[in-house]
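> quick one: sequence and predicted model below, then my questions.
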Amino acid sequence: MKIVLASKNTHKLEELQAILGAQGVEVILEAQAGVDVDVEETGTTFEENSLLKARAVMEASGLPAIADDSGLCVDALQGAPGVYSARYGGEGLDDVGRYTLLLNNMRGQLDRRAKFVSVITCCFPNGDVLTARGECPGTLAYAPKGEGGFGYDPIFYLPAFKKTFAQMTAQEKNTVSHRGRALAAFGEKLAAYLAAHNG
Ligand code: IMP
């Protein structure tokens, strides 16, 4: 079965394919399905934004489409940057600029608790929708560490591993990450859905 990933982020494609590939699902990028959809993420929740993205790509491609909306929620900042993680600090910043800004905004703050959240939505051409949510609690480091991953990975620290996400292998990250957890839950829902619909 082919599912179009409503994203241009190849890191997400790799993480998704690693988990859903085991279920016989082939995840392809929008470009491979011949569509190029720019969806405005106007929602105020991860659920709303992932639905907006998945639905737009499903409608454009005519294929089942899956979207992940994710972000980093910091307790001391009342959940910010949250759904605005990709746009934190404005359009001009890159990943390093965004996590540096976040570290600056957290200077002197002793409550370092934070969590990553991922909501996966899959829209089928017949109107069916599957959704799954995953969360990964951790803390904000005081300085970036590690070379792997993307986004805020270098400053997201997991005390149980004594590592940031950026110091983990992709496999290790998948076992605990918000997206790994959401995908595992999604995988179970998809298997049940396919079993029910394929007789
Ligand atoms: P989205 O593409 O709108 O879901 O943007 C989510 C943003 O949250 C990304 O651009 C990253 O900045 C951040 N993010 C989400 N998941 C991760 C992750 O696993 N590691 C690091 N940053 C992440």
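Yep, it's here. Numbering: from 1, shown residues only.

> separation between residue 141 and the ligand?
Distance from residue 141 to the ligand, counting by Cβ to the nearest ligand atom, to the nearest Å: 13 Å. No exception for glycine: its C-beta is placed from N, CA and C like everyone else's.

> and for residue 18?
Residue 18 is 13 Å from the ligand, by Cβ to the nearest ligand atom.

> what about the helices in the protein?
10-20, 46-61, 95-105, 170-176, 178-197 (DSSP state H).

> same list (those helices) but as JSON lines, adding distance to residue 161.
As requested, the helices of the chain are arranged in JSON lines below (distance: least, Cβ to Cβ, whole Å):
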{"stretch": "helix 10-20", "distance to residue 161": "17"}
{"stretch": "helix 46-61", "distance to residue 161": "24"}
{"stretch": "helix 95-105", "distance to residue 161": "19"}
{"stretch": "helix 170-176", "distance to residue 161": "8"}
{"stretch": "helix 178-197", "distance to residue 161": "14"}
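
> so of these, which one's packed in deepest?
helix 46-61 (a mean of 21; mean count of other Cβ atoms under 10 Å).

> how about residues contacting it?
With contact meaning Cβ atoms under 8 Å, 6 or more residues apart in numbering, helix 46-61 is reached by 4, 6-7, 30, 33-35, 37, 39-43, 64-71, 83, 117-125, 129, 131, 133.

> kindly identify which of these also come near the ligand.
41, 68-71 (Cβ under 6 Å from any ligand atom).

> thanks again, I'm all set now.
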